[in-house]
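Enquirer: A predicted structure for the sequence below; I have some questions about it.
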Amino acid sequence: MDQLLYISMTGAKQNMHSLAVRGNNLANANTTGFKADIENARSMQAFGPGMPSRVFAMTERPTQNFGDGLLKTTGRDLDVAIKGEGWISVQDKDGQEALTRNGNFTVSAAGVLQTMQGQAVLGDQGGPIIIPLPVEKLEINEDGTIEIRPEGAPADALEEVGRIKLSRPFAADLSKGNDGLFRSTSGQAYQADATVELVKGALESSNVNPVQEMTQMISMQRQFEMQIKMMKAAEDNDKATNNLLRLS
């Protein structure tokens, strides 16, 4: 009975964690370049006072779904999507290199090429890419090179100002942070890969499947209800046991 109550209690708690993961996926169904989180439940042995056979349920977020999202054509010069495998290097709030698939860029007032979230895009030389302002035209090529035409310059006066750092690390070596950026779990540096290609004037949509997420959420809610019923059954068994002890 003690074991039944403990497993049911931890199971209900972890079902709530699973619902939070699925709910976050659903909330980001329209987030550019978002990779859905995958939740996984397993049993863990509980150490300390109590029976050695006691176990508890634990929900983990072991990895993400690294499948490609659909490409949406925007026609915007500062929008790019990665063709196939690959990542774009950006600078996080701590000044460290991180990876993203979100190619929705803008240029700050200081001329820094950055994401819409304000993260500076890194070049293959290691630092942020600076665009000399003012510019009349900015074009990002398929290999990540950036060409500009300064304001007032002739139509054919294109000047290369940098190249976006594109890499292809192993997906198994990546972990997603709370800011939505990916980082290496092994601490390995991201090596620029010239074979990674960009699609100009397009963005990669989220790879979240809303129907699947809703189905999983319904399943998690039913599991939560089942755990609550098991806790109630443990309580009823406890009351019945007490009544038997009184009669004896």
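Expert: That came through fine.

Enquirer: and the helix ranked longest in the chain, what's buried?
Expert: Identified as the longest helix of the chain according to DSSP state H is helix 210-247. Residues of helix 210-247 classed as buried under the neighbour-count rule (16 or more other CB atoms under 10 Å) are 213, 216-217, 220, 223-224, 227, 230-231, 234. The C-beta positions use only the backbone N, C-alpha and C, and glycine is treated the same way.

Enquirer: likewise stretch 28-38?
Expert: Buried, per 16+ other CB under 10 Å, within stretch 28-38: 28, 32-37.

Enquirer: hey, C-alpha coordinates of it in PDB?
Expert: Extracted C-alpha coordinates of stretch 28-38, given in PDB (Å, rounded to 0.1, in the frame of the first residue of the first chain):
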ATOM      1  CA  ASN A  28       5.700  27.200 -30.100                       C
ATOM      2  CA  ALA A  29       4.000  25.700 -33.000                       C
ATOM      3  CA  ASN A  30       4.400  28.900 -34.900                       C
ATOM      4  CA  THR A  31       7.900  29.800 -33.700                       C
ATOM      5  CA  THR A  32      10.500  30.000 -36.500                       C
ATOM      6  CA  GLY A  33      13.100  27.200 -36.300                       C
ATOM      7  CA  PHE A  34      11.700  25.700 -33.100                       C
ATOM      8  CA  LYS A  35      12.500  22.000 -32.400                       C
ATOM      9  CA  ALA A  36      10.000  20.100 -30.400                       C
ATOM     10  CA  ASP A  37      11.000  18.600 -27.000                       C
ATOM     11  CA  ILE A  38      10.600  14.900 -26.400                       C
END
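
Enquirer: on that earlier part again, format the buried residues of helix 210-247 as JSON lines; extra columns: distance to Arg22.
Expert: Converted to JSON lines, these look like this (distance: CB to CB, whole Å):
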{"residue": "Glu213", "distance to Arg22": "5"}
{"residue": "Gln216", "distance to Arg22": "5"}
{"residue": "Met217", "distance to Arg22": "5"}
{"residue": "Met220", "distance to Arg22": "7"}
{"residue": "Gln223", "distance to Arg22": "12"}
{"residue": "Phe224", "distance to Arg22": "12"}
{"residue": "Gln227", "distance to Arg22": "17"}
{"residue": "Met230", "distance to Arg22": "22"}
{"residue": "Met231", "distance to Arg22": "23"}
{"residue": "Ala234", "distance to Arg22": "27"}
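
Enquirer: need those in a markdown table (columns: pLDDT and distance to Gln188).
Expert: Shown next, in a markdown table, are these (pLDDT from 0 to 100; distance: CB to CB, whole Å):
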| residue | pLDDT | distance to Gln188 |
| --- | --- | --- |
| Glu213 | 93 | 32 |
| Gln216 | 89 | 33 |
| Met217 | 91 | 36 |
| Met220 | 86 | 35 |
| Gln223 | 86 | 38 |
| Phe224 | 86 | 40 |
| Gln227 | 85 | 41 |
| Met230 | 83 | 45 |
| Met231 | 83 | 46 |
| Ala234 | 78 | 48 |
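
Enquirer: ok so, going back, and the least confident of the buried residues of stretch 28-38?
Expert: The member of the buried residues of stretch 28-38 with the lowest pLDDT is Asp37, at 90.

Enquirer: tell me who's in contact with it.
Expert: Shown in contact with Asp37 (CB atoms under 8 Å, 6 or more residues apart in numbering): 21, 24-25, 61, 64-65, 176.

Enquirer: and Gly75, by the same measure?
Expert: Counting by CB under 8 Å, 6+ apart, Gly75 makes contact with Gly201.

Enquirer: any idea whether it is helix, strand or coil?
Expert: coil (DSSP: H, G, I helix; E, B strand; the rest coil).

Enquirer: just to revisit the earlier point, closest one of the buried residues of helix 210-247 to Thr10?
Expert: Gln227 (8.7 Å; CB to CB).
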